[in-house]
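Novice: Got a predicted structure here, sequence first:
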Amino acid sequence: MYAPKDSQGPIVPVRFDLNSNFTFSCGKDSACFTKCCRNIKIMLTPYDIIMMKKELGLTSDEFLFLFTEPGLIAATELPIPILKVMDEEIRACPFLKETGCSIYSVRPLTCRYYPLGAGIFHNRDASSDERFFAMIKEPHCLGHLSEREWTVREWIENQGINRYEEVNAGWVGLILKRKSLGPFVDISEKTLQMFFMACYNIDAFRRFVFESRFLDIYIVPKERQEEIIADDVSALDFGVKWLETTLLGSRNFSIRQYSTDAID
């Protein structure tokens, strides 16, 4: 679930769907402005990192080193970067300034959803996964006193969430499939490192594709190679499809020749 706190905050025990209504507003004129940017534990999605590192003019290696710390996705051993806080006492977001968020246009998905938490229920017997939502009401937040009414669908559109969900869809699918395998399926440390690289460190993954023996083993059309070089989202999509092959045995890639050698 996308939620700003490790405990996911005081979540109202009511399940919302896209047509559910709630009232909320937030702005610089609010007495609680930026309080939700403190005492945080924000897990970053792949598209969060792509957008934030681009805005800051950093490589993904640099962004991960400067602004994140390691974490785990709930109920799995899969790694995920957590936004590093600047002050352990107030645990403030590193991008919080006196005037507010310094990277607001590329703020993470968790921040965009707030005051909603969002999750996906994976039903192996259904044709598709079910999205669900919940309201987060923290004591300091005065935004719930507003008369501004939204549907969940309207909030998602207003906050620019759809693009994030679209780009992250393959990554979310990997997590759900991993969870469906249960706790008795082990994933090697090397595979977990590959998962981290392909999902979060796009620049390192790009180097891996073009500077290792990857292209000697997998058949990747020239046009696809050019897309991977030019565009981070294309590189992420390629990485997720490769992980589906290595983690889940999907047949997304053609092998150039049979080889039992690992990719260096």
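Specialist: Great, that's in hand.
Novice: rest of the way, CA atoms for contacts and neighbours
Specialist: Will do.
Novice: Just to check, residue 106 is in contact with residue 49?
Specialist: No: the pair residue 106 / residue 49 is not scored as a contact, 9.3 Å apart, by C-alpha atoms under 8 Å.
Novice: Neighbour count: those two, which is higher?
Specialist: Just comparing residue 106 and residue 49: by other C-alpha atoms under 10 Å the higher neighbour count belongs to residue 49, 24 against 21.
Novice: Not including adjacent chain positions, what is the nearest residue to that one?
Specialist: Distances taken as C-alpha to C-alpha, 6 or more residues apart in numbering place residue 200 nearest to residue 49, at 6.7 Å, with adjacent residues excluded.
Novice: what about that neighbour, neighbour count?
Specialist: 26.
Novice: For it, what are phi and psi?
Specialist: Backbone torsions of residue 200, given as degrees, to the nearest 10, read phi -120, psi -30.
Novice: would you list every one of the helices in the stretch 51-200 of the chain?
Specialist: With DSSP state H, counting those that start in this stretch, the ranges of helices along the stretch 51-200 of the chain come out as 60-67, 109-113, 152-158, 161-181, 189-200.
Novice: closest to residue 33 out of these?
Specialist: helix 109-113 (13.3 Å; C-alpha to C-alpha).
Novice: Poorly predicted segments of the stretch 101-250 of the chain, please.
Specialist: Residue ranges of the stretch 101-250 of the chain with pLDDT under 70: 121-129.
Novice: so where do the strands sit in it?
Specialist: Taking DSSP state E, counting those that start in this stretch as the test, the strands found in the stretch 101-250 of the chain are 116-121, 130-135, 149-151, 218-219.
Novice: Can you give me the buried ones in the second one?
Specialist: Of the residues in strand 130-135, those buried under the neighbour-count criterion (16 or more other C-alpha atoms under 10 Å) are 133, 134, 135.
Novice: got it, and the first one?
Specialist: Within strand 116-121, the residues scored as buried using 16+ other C-alpha under 10 Å are 116, 117, 118.
Novice: hang on, the earlier thing: quick check: of the buried residues of strand 130-135, which lies closest to residue 251?
Specialist: Using C-alpha to C-alpha, residue 133 is the member of the buried residues of strand 130-135 that sits closest to residue 251, with 33.3 Å.
Novice: can you tell me how far the closest one sits from residue 120?
Specialist: The spacing between residue 133 and residue 120, counted by C-alpha to C-alpha, to the nearest Å, is 9 Å.
Novice: Same check on residue 141?
Specialist: Per C-alpha to C-alpha, residue 141 is found 25 Å from residue 120.
Novice: likewise residue 19?
Specialist: Distance, residue 19 to residue 120, using C-alpha to C-alpha: 16 Å.
Novice: and what of residue 64?
Specialist: 26 Å.
Novice: Repeat that for residue 55.
Specialist: Relative to residue 120, and taking C-alpha to C-alpha, residue 55 is found at 29 Å.
Novice: now swap in residue 56 and tell me
Specialist: In terms of C-alpha to C-alpha, residue 56 sits 31 Å off from residue 120.
Novice: And for residue 42?
Specialist: According to C-alpha to C-alpha, residue 42 stands 18 Å off from residue 120.
Novice: Am I right that residue 11 is in contact with residue 133?
Specialist: No: counting by C-alpha under 8 Å, residue 133 is not a contact partner of residue 11; they are 10.1 Å apart.
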